[in-house]
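Q: One predicted model, sequence on top.
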Amino acid sequence: MRLVQLSRHSLAFPSPEGALREPNGLLALGGDLGPSRLLMAYQRGIFPWFSPGDPILWWSPDPRAVLWPTEFHLSRSMKRFHSRSPYRVTLNHAFGKVIEGCANDRHEGTWITREVIDAYHRLHELGYAHSIEVWQGDSLVGGMYGVAQGSLFCGESMFSRAVNASKTALLVFCEHFVQNGGQLLDCQVLNDHTASLGAVEITRREYLQHLETMRPQKLPQNFWVPTTLFMPRG
């Protein structure tokens, strides 16, 4: 196994099975963040992640963290909160504000640089990247964004500026996703937060098999049209 240098003149990626074991999943470096390359990466179970000032690094970890949306863990306290939630949740109403929120919500620094923001904004304009927004009144207090691959959604990042805001985004999206044929959320790498919400680890091979099966499966034609998913009760 060796780290592969990508060419700017070719969109080809090496097989994810050739990724390094340490650091786990590092597959390649270089290339660019153009829409064609990003889409090629996601179609093959690969995603970019790198620190500012470093070359673009491409990853396909093993194991892979995923969340089956029907297995979202709704704690009793979150269930009580959501039953009287003050939040309104929308889909694709403010992609730019959500990705900026994710970039600014990292006290230890962020990989979501201006280059990354612009790249995913282009994917959004092309209909591949999507956002879920959580509003309290007219203020955006949380949200998440990611890239659609048929009935699989690759979650990239989320942020929260108010209690349970990001959990609300994920909860409401999971419910809407399942109701319309969505099957799996990619969480990339497991952490304490995603594990507490029901995310689990599967092998990279299993993930790639799910991706191959789910990517051609189309959600309803109007699924990603900007809409309101949830309104406060009362």
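A: Sure thing, it's come through.
Q: alpha carbons only for contacts and neighbour counts from here, please
A: Noted.
Q: mind checking pLDDT for residue 158?
A: Note on residue 158: pLDDT of 96.
Q: should've said residue 109
A: According to the model, residue 109 scores 57 on pLDDT.
Q: Could you pull up the mean pLDDT of the helix or strand where residue 168 lies?
A: Assessed by DSSP states H and E, residue 168 sits inside helix 165-179. Average pLDDT, helix 165-179: 98.
Q: what's that helix packed up against?
A: The contact analysis (3 or more C-alpha pairs under 8 Å, 6 or more residues apart in numbering; DSSP states H and E) places helix 165-179 against strand 129-136, strand 139-149, strand 152-160, strand 227-230.
Q: mind giving me TSV with those strands and columns for distance to residue 81 and mean neighbour count?
A: Formatted as TSV, these follow (distance: least, C-alpha to C-alpha, whole Å; neighbours: other C-alpha atoms under 10 Å):
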stretch	distance to residue 81	mean neighbour count
strand 129-136	14	26
strand 139-149	15	23
strand 152-160	15	22
strand 227-230	14	16
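Q: before we move on, the earlier item: quick check: neighbours of the helix or strand just after the helix holding residue 168 in the sheet, parallel or antiparallel?
A: Next along the chain after helix 165-179, taking DSSP H and E as the criterion, comes strand 184-188. Partners of strand 184-188 in the sheet, by DSSP bridges, are strand 64-67 (antiparallel), strand 152-160 (parallel).
Q: which stretch among these comes nearest residue 78?
A: strand 152-160 (14.8 Å; C-alpha to C-alpha).
Q: right, so of the helices and strands packed on helix 165-179, which gets closest to residue 44?
A: strand 139-149 (10.4 Å).
Q: angle of the closest one against strand 129-136?
A: Put simply, strand 139-149 runs at 160 degrees to strand 129-136, going by axes from the mean of the first three to the mean of the last three C-alpha atoms, to 10 degrees.
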